[in-house]
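Asker: my questions concern the predicted model and sequence given below.
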Amino acid sequence: MLILLVMLASTASFVKPVHAQGFSISLSVTTITAPMNSVVTDVITVTSIDGLPHTINLAISAGRGFWWPASFAPNPVSLPGVMVGETVSSTLTLPVPGPDNICPGEGSPGPYFGAFTVQGTDAVTGLVATTSLALNLLPITFPLSISIQPSKPSYRVGETVTLTMDSNLRAEYYLKVRRPDGTVWASAHAYLPATFTKAATEPLGTYTAELVAYYCGTAQATATFSVTPNTYDVTISLAGLPTDVSTALLVDGNKVGDMKGGDVRVLAYPVGTSHTFQVDQYASGAAGYRYYCASNSWTAGSEGSNVFNYVTQVYLDVSTDPAGVTDVTPSGWYSVGWSASIAEVATEVQADEGTKYVFKEWTVDRTSKAGNGFVVVMDAPHKVVAKFDTMFLFTVVSDYGNPKGSGYYKTGDTATFSVDSPVGIGIQHVFVEWKDDYSGKDPRGSILMDGPKKATAVWTTSYLQLYLLAGALVVIIVIVGLLLWRRRRGRPAALKPTPPAAPPPPPSPAETPTPTAAAAADAESVSKRAVSVSLRCTNCGHELKEGQVYCPECGQKVTD
């Protein structure tokens, strides 16, 4: 046994152990998430692989073009070489840059992280060991927000296009403005906020501005504007005018056409010029209708639009029947919905001599209206008429005979009139005929009143009745004288007184005294003559028939 142990020991003295040379390094955390502008640490462990002593320098390198300062404590580190697997540690301290060093720019749009390599190098043998560290960065700012806005929606050729760009962070931007066909018209690159300007050129149409900005993230915004010819447009439209009613459109006093209700006209003029646009202030419509534009003129020197507003007006026709009798509320135009006050008129109007007008009634559109003076609501055209009765004066002129029938009569009425004839006792006034506007021999008459009229009675003087009365008086006187004379002849003369005789007996009828009989005969004769006279006209002596009241020859009324 002893011999065996000796042999093993001698063999061991001649065989040298074999080990892998070098060392390894490792991190306590291989992925770290940290905010920007912070400091992160990690522990590096160096482990001996060969059991030999090593002095190791530690270093770190960054990928993606980053270079950040870092430190190790301690650095370098030493492995004593006591045994395989022995370790030594060092602390890595890594400051994380802020967003100003990382975020701006199209080259770093995010996400943001760092890929690092930690390396240990033996200062004597040059042996190298590495390990990897990943670092995720969290931005500490608000999300990026940007905007782009043209100064106006449309530019004419030659005008300056102005695009205003803004953001909540000072981000780096890239601008591209594309023509209507999609090709690039302009581009720009700088930091926000910013303003882009360029004179508008052809082609005409809609342009699109595309804005992209970077700052710890990416933001995009677009805007559009149009390029138009080197003129400005003026839009003219009408309101309140029916489609079947037209008005003339004048530009600078010259007519350029007609417009109907609902029409819209767009006119183009060179930039830098000014023009005055005008429409008719009054446009005629259907009977009794018109349309009124209070503001019918407008001047423009740049792009714009104007609406000419019309209001509907209706006509109030106020008159008298017959026409022109008296003053009335003037006729005129009223806006629809307004009210018109109709003033009272005189109840009687004296016109020419022998003519007057008497108020009868008001009518509105041929319908009677009570009262004298009222209000009309102008919801449509209205015709208001004050109706008067035309009155004509009929005058009966007569010096005698109690004339009747004078006065005013409505036009078309029949006036009746008369005089009494004859008039007077003894010397009489006898009607002969009518003259002036009526002719006739009858004391009574009638006439149509179609104007002022006059009838004058013509009279004559008759003495026949006087003569007859005088003759009758003479006859009576003669008869009375004869009677008295006869009575005196029949008495005896009284020479001396005689004694009274006895009264004679009463005479019989046959013994009536002769003078008395003669007187009776004379009276009968006179009576017969009177009857004979009553059958003749007392005026002209014309023989009358029994029952006639007026003489057919002269018109004299027969008296009893």
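Answerer: Structure's in. What do you need?

Asker: tell me where the stretch 351-500 of the chain has strands.
Answerer: Secondary structure of the stretch 351-500 of the chain (DSSP state E, counting those that start in this stretch): strands located at 355-364, 367-369, 374-377, 382-397, 407-410, 414-418, 428-436, 444-448, 453-462.

Asker: again but with the stretch 101-250 of the chain, I slipped
Answerer: Per DSSP E, counting those that start in this stretch, the stretch 101-250 of the chain carries strands over the ranges 113-122, 128-138, 146-150, 154-156, 160-167, 172-178, 184-191, 194-199, 205-214, 218-228, 231-239, 246-251.

Asker: can you put those in TSV and add mean neighbour count and distance to A343?
Answerer: Heads up, the C-betas are built off the backbone N, CA and C, glycines and all. As requested, those are arranged in TSV below (neighbours: other C-beta atoms under 10 Å; distance: least, C-beta to C-beta, whole Å):
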stretch	mean neighbour count	distance to A343
strand 113-122	18	97
strand 128-138	16	91
strand 146-150	18	64
strand 154-156	18	59
strand 160-167	18	66
strand 172-178	19	73
strand 184-191	14	74
strand 194-199	14	70
strand 205-214	19	66
strand 218-228	16	60
strand 231-239	18	35
strand 246-251	18	35
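
Asker: dump these into TSV; add mean pLDDT and distance to S398 as well.
Answerer: Shown next, in TSV, are the strands of the stretch 101-250 of the chain (pLDDT from 0 to 100; distance: least, C-beta to C-beta, whole Å):
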stretch	mean pLDDT	distance to S398
strand 113-122	90	140
strand 128-138	91	134
strand 146-150	96	106
strand 154-156	89	99
strand 160-167	96	107
strand 172-178	95	114
strand 184-191	96	114
strand 194-199	96	109
strand 205-214	95	105
strand 218-228	94	99
strand 231-239	92	75
strand 246-251	96	70
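
Asker: redo those strands as a markdown table? Include distance to L94.
Answerer: Conversion of the strands of the stretch 101-250 of the chain to a markdown table gives the following (distance: least, C-beta to C-beta, whole Å):
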| stretch | distance to L94 |
| --- | --- |
| strand 113-122 | 8 |
| strand 128-138 | 7 |
| strand 146-150 | 32 |
| strand 154-156 | 53 |
| strand 160-167 | 31 |
| strand 172-178 | 26 |
| strand 184-191 | 29 |
| strand 194-199 | 35 |
| strand 205-214 | 25 |
| strand 218-228 | 27 |
| strand 231-239 | 64 |
| strand 246-251 | 77 |
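
Asker: in a markdown table: the strands of the stretch 351-500 of the chain, plus mean pLDDT.
Answerer: Rendered in a markdown table, the data for the strands of the stretch 351-500 of the chain read as follows (pLDDT from 0 to 100):
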| stretch | mean pLDDT |
| --- | --- |
| strand 355-364 | 95 |
| strand 367-369 | 94 |
| strand 374-377 | 94 |
| strand 382-397 | 96 |
| strand 407-410 | 95 |
| strand 414-418 | 96 |
| strand 428-436 | 93 |
| strand 444-448 | 95 |
| strand 453-462 | 93 |
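
Asker: partners of the helix or strand hosting T47, with directions?
Answerer: Using DSSP states H and E, the secondary-structure element containing T47 is strand 39-48. When pairing is defined by DSSP bridges, strand 39-48 lines up against strand 23-27 (antiparallel), strand 87-95 (antiparallel).

Asker: got the strands of the stretch 351-500 of the chain as a markdown table, with distance to L468 and mean neighbour count columns?
Answerer: Conversion of the strands of the stretch 351-500 of the chain to a markdown table gives the following (distance: least, C-beta to C-beta, whole Å; neighbours: other C-beta atoms under 10 Å):
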| stretch | distance to L468 | mean neighbour count |
| --- | --- | --- |
| strand 355-364 | 48 | 17 |
| strand 367-369 | 64 | 11 |
| strand 374-377 | 70 | 14 |
| strand 382-397 | 31 | 19 |
| strand 407-410 | 38 | 16 |
| strand 414-418 | 26 | 17 |
| strand 428-436 | 11 | 19 |
| strand 444-448 | 27 | 15 |
| strand 453-462 | 11 | 18 |
